[in-house]
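A.B. asks: Whatever this is, show me its structure:
(chains A, B, C and D)
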Number of protein chains: 2
Amino acid sequence: MKIYYCDIEVAMQILGGKWKTQILYHLTKTPKRTSELKRLVQGITQKMLIQTLRELETDRIITRTIYQQVPPRVEYSVTELGQSLEPALRLLCQWGQNYVEETFAKGEVQILNLDKN
Amino acid sequence: MKIYYCDIEVAMQILGGKWKTQILYHLTKTPKRTSELKRLVQGITQKMLIQTLRELETDRIITRTIYQQVPPRVEYSVTELGQSLEPALRLLCQWGQNYVEETFAKGEVQILNLDKN
DNA sequence: CGGTATCCCCCTGGATACTG
DNA sequence: CAGTATCCAGGGGGATACCG
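C.D. replies: Just a heads-up that it's a prediction; the model follows:
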């Protein structure tokens, strides 16, 4: 039997690692294909993108849809379960923005949000 | 200049890793001394406890107070900035509990919350 | 009791090349 | 375009012993 000694472990187990939340962040607004994600999640490699997507899929946070055509088209979208994470993630985003504002001088740190969807 | 390409990176940078949120979780309710934390954060080693506490301190999420006496007494408590993370963390806790309930059969996974403060 | 100092394993995550 | 397969470095994290 798996035992957690603190209930925040559960969420962090699923959201932890370098890329999980970033991918989720971009998928929350609208489904996206692999290449779009690759572009939006700055710095991620092909391998890590696919690997992370698989893990999120296993945890039922996102789903993978294949459109049979040439060239192949695959789209990822968040499940209902994944959407239920949004309020928490949004709070974390806001907290982060606020943190940057009051911690660093102007121009020292910058947050770019690439997607305009 | 440090650049973030997604604003959730900021929070995850500070909360990421294996122990950060767990420690924060326990400190949110009431200040605690090192030995208490060592007991509450199940499985953490002395080294990782101290190391993680230092990092949280650097990021101004917690503070460290020394009471001059023998034997030495040190207490850690969350700053105002750290407290402002609570709403987000609480949502993540709730989400995790719900996730476990609807994902696993009874007895397959268990969440123990050790502290009764 | 609280903290430091080593030593070291292993796993995450990166680089690259290759398929359908 | 989407994905797989290797190979491999770095560092996060663990075990242990030792100080004030």
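A.B. asks: Could you pull up the residues touching residue A:80?
C.D. replies: Taking CB atoms under 8 Å, 6 or more residues apart in numbering or on different chains as the definition of contact, residue A:80 has no neighbours. (Glycine included, C-beta is placed from N, CA and C.)
A.B. asks: so how far is residue A:39 from it?
C.D. replies: 26 Å (CB to CB, to the nearest Å).
A.B. asks: In chain A, which residue sits closest to DNA strand D?
C.D. replies: Residue of chain A nearest DNA strand D, by CB to the nearest atom of the strand: residue A:35 (2.9 Å).
A.B. asks: So what's the residue count around that residue?
C.D. replies: Neighbours of residue A:35 under the rule other CB atoms under 10 Å in any protein chain shown: 11.
A.B. asks: Help me confirm that it is found in a helix?
C.D. replies: Yes: under DSSP: H, G, I helix; E, B strand; the rest coil, residue A:35 sits within a helix.
A.B. asks: Give me the local confidence score for it.
C.D. replies: Here the pLDDT value assigned to residue A:35 is 96.
A.B. asks: quick one: contacts for it?
C.D. replies: Residue A:35 makes no contacts at all, as judged by CB under 8 Å, 6+ apart.
A.B. asks: now the lengthiest helix in chain A against helix B:86-103, angle please.
C.D. replies: Of all the segments of type helix in chain A, defined by DSSP state H, the longest one is helix A:86-103. Between helix A:86-103 and helix B:86-103, the angle comes out at 160 degrees (axes from the mean of the first three to the mean of the last three CA atoms, to 10 degrees).
A.B. asks: ok, and the closest non-adjacent residue to residue A:3?
C.D. replies: residue B:110 (5.2 Å; CB to CB, 6 or more residues apart in numbering or on different chains).
A.B. asks: Name the surrounding residues that touch the helix or strand that neighbour falls within.
C.D. replies: Element membership for residue B:110, per DSSP states H and E: strand B:109-111. By CB under 8 Å, 6+ apart, the list of residues contacting strand B:109-111 from outside reads A:1-7, A:9-10, B:96-97, B:100, B:103.
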